[in-house]
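> Can you look at this prediction? I've put the sequence above it.
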Amino acid sequence: MSTFVVLECQTQPDKVDEVKNFLRKVLPDTRAYEGFESLVVHQNQEDPTSLMMYEQWSTRANYEAYLAWRTETGALDEFVAMLAGPPSFRFFDLVDA
């Protein structure tokens, strides 16, 4: 069963475009990573510094391996440096309802 990841972050006010350009640069590698299924980025209509990424991965282990790789390459630190605070990661399972 797939794992759904919600990553929410607040960019520094002067870094919104830089963050979006950074994501455009790095997300092709994300989409090629083992276990990746889908990812969309949303920007808050009332607060353009607020971004949400909704991701789907084969397993949580796949996502955790991906995040470890992003940490090792320094990309996660580069991303976090443009934020106003630490990002929030939440993990969900699909409910048959």
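Thanks, I have the structure now.

> contacts, neighbours, all on C-alpha from now
Noted.

> residue ranges for the helices of this structure, please.
Assignment of helices within the chain using DSSP state H yields the ranges 16-31, 60-73, 75-80.

> quick one: which of the ones you listed is nearest M1?
helix 60-73 (9.7 Å; CA to CA).

> List the buried residues of the closest one.
Neighbour-count burial for helix 60-73 flags R60, N62, Y63, Y66, R70 (criterion: 16 or more other CA atoms under 10 Å).

> One more: stretch 44-63?
For stretch 44-63, by 16+ other CA under 10 Å, it's 49-53, 55-60, 62-63.

> again, but for stretch 22-35
Quick answer for stretch 22-35 (16+ other CA under 10 Å): T30, Y33, G35.

> correct me, but the first one touches E37?
No. Contact status for T30 versus E37: not in contact, 9.8 Å apart, counting by CA atoms under 8 Å.

> what's the overlap in contacts for the two?
Common neighbours of T30 and E37 are not found (criterion: CA atoms under 8 Å, 6 or more residues apart in numbering).

> hang on, the earlier thing: out of the buried residues of stretch 22-35, the closest to A75 would be?
After measuring the buried residues of stretch 22-35 against A75 - CA to CA - the closest member comes out as T30, at 11.3 Å.

> wait, what's in contact with that closest one?
Per CA under 8 Å, 6+ apart, neighbours of T30: F36, Y66.
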